[in-house]
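> I need the structure of the sequence given here:
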Amino acid sequence: MAADRADLKQLSPALLTKAVFRAVDQLNMTENLSSLLHMSAHEAAQLRAGERVLDPQREEWQGALQVVGLFRTIVEVLGSVERAKAWLGTPNETLGGRPADLLGTPDAGRVHRYLNSVRKHELRMPPPVRREH
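Take a look at the predicted model:
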């Protein structure tokens, strides 16, 4: 994940703006864009219209990095965008709600930590060894 974060931090404002739209569009979370990026609906509309790009000096930049990182992690862990969308919309007992409802709120960090924990655990698991007799 550290390499992923380094890759994301080196994105230009135009590329991160494009990446965040790709992520929210594919996850059907476009309606949540303003809360995910901690900005007004008007600012989100300006981004969508191409009137401006994300600003690395504003809170929106960190929100966008989280959204794109979430997209990468969730698709890696679950294997497809369709499964990721289903997971986001399904109540999760460990998280105490639907992950999609928690994103864009102060509880979003729990979703990110949960996915990173699952990812870390999955990546540490060695593949099953088949022994032929």
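> helix/strand/coil for G50?
Following DSSP: H, G, I helix; E, B strand; the rest coil, we place G50 in the coil state.
> what's the distance between it and R58?
Noted for G50: a distance of 18 Å to R58, by Cβ to Cβ, to the nearest Å. Any C-beta I mention is one placed from the backbone N, CA and C, and that applies to glycine too.
> more crowded one of these two?
R58 (14 against 10; other Cβ atoms under 10 Å).
> Tell me which helix or strand in this protein has the weakest average pLDDT.
Ranked by mean pLDDT, DSSP states H and E, the weakest helix or strand in the chain is helix 2-9, scoring a mean of 55.
> Quick one: name whatever helix or strand follows it.
With elements assigned by DSSP states H and E, the helix or strand that comes after helix 2-9 is helix 13-26.
> What residues sit buried inside that following helix?
The neighbour-count criterion (16 or more other Cβ atoms under 10 Å) identifies L16, T17, K18, A19, V20, F21, A23, V24 as the buried residues of helix 13-26.
> ok, these vs G79, which is closest?
Checking those against G79 by Cβ to Cβ gives A23 as the nearest, at 16.4 Å.
> Check the contact between that closest one and G69; I expect there is one.
No: if you go by Cβ atoms under 8 Å, A23 and G69 don't touch, sitting 9.1 Å apart.
> For the protein, give me the ranges with low pLDDT.
Along the chain, the parts satisfying pLDDT under 70 run over 1-9, 122-133.
> hmm, try it at 80
Scanning the chain for pLDDT under 80 picks out 1-10, 121-133.
> ok, which stretches of it are helices?
For the chain, the helices defined by DSSP state H cover 2-9, 13-26, 33-36, 41-48, 59-78, 81-88, 99-102, 108-124.
> what angle do the fifth one and helix 41-48 make?
Pointing back at helix 59-78 there. Orientation check (axes from the mean of the first three to the mean of the last three Cα atoms, to 10 degrees): helix 59-78 against helix 41-48 gives 70 degrees.
> same for helix 59-78, what does it pack against?
Packed against helix 59-78, as judged by 3 or more Cβ pairs under 8 Å, 6 or more residues apart in numbering; DSSP states H and E, are the following elements: helix 2-9, helix 13-26, helix 33-36, helix 81-88, helix 108-124.
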